[in-house]
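J.: coords below, sequence missing:
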């Protein structure tokens, strides 16, 4: 889908930017139609970026069999950035999702972080997802 919300700005969003696979059953919890990124179409994304288009990665991805899976948008963004070799990844999230350094006041947002710190945050998201799924299954 191509959109022109601003004059001279091309925005594209497509389900062909990546493929997904089901999370499946883990520790006895069936994740249903929740998925993970299988493969990123880096050639397509790189071409769109070369044309100066804004690429929006929607979290709905298709599997090889045609099933649709809902992937975590943060993990999708991280995977796309990693596979493209991006030097920076910028998130725009609701203010209630701010990342605050341990021990810092709530209004002190993190402006930059090391990769291992970002990985720890992503693992925290994954742990909360697993806990929520286990609670829902109980």
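T.: Arrived safely. Just so we're clear, the structure is a prediction, and the values are computed from it rather than from any experiment. Numbering: from 1, shown residues only.

J.: name the helices or strands packed onto the helix ranked longest in the chain?
T.: Ranked by residue count, the top helix of the chain under DSSP state H comes out as helix 115-137. Applying 3 or more Cβ pairs under 8 Å, 6 or more residues apart in numbering; DSSP states H and E, one finds that helix 115-137 contacts strand 29-30, helix 73-84. C-beta here means a position set from N, CA and C on the backbone, and glycine is covered the same way.

J.: average model confidence for it?
T.: Across helix 115-137, the average pLDDT comes to 77.

J.: list the contacts of that helix.
T.: Contacts to helix 115-137, defined as Cβ atoms under 8 Å, 6 or more residues apart in numbering, come from residues 26-31, 34, 72, 74-75, 78, 99, 113.

J.: would you mind checking these for buried ones?
T.: For the contacts of helix 115-137, a burial check counting by 16 or more other Cβ atoms under 10 Å picks out 29, 31, 34, 72, 74, 75, 78.

J.: give the next helix or strand downstream of the helix-or-strand element of the chain with minimal mean pLDDT.
T.: Using mean pLDDT, DSSP states H and E, strand 2-3 stands out as the lowest-scoring helix or strand of the chain, at a mean of 50. Following strand 2-3 in sequence order, the next helix or strand is strand 11-13 (DSSP states H and E).
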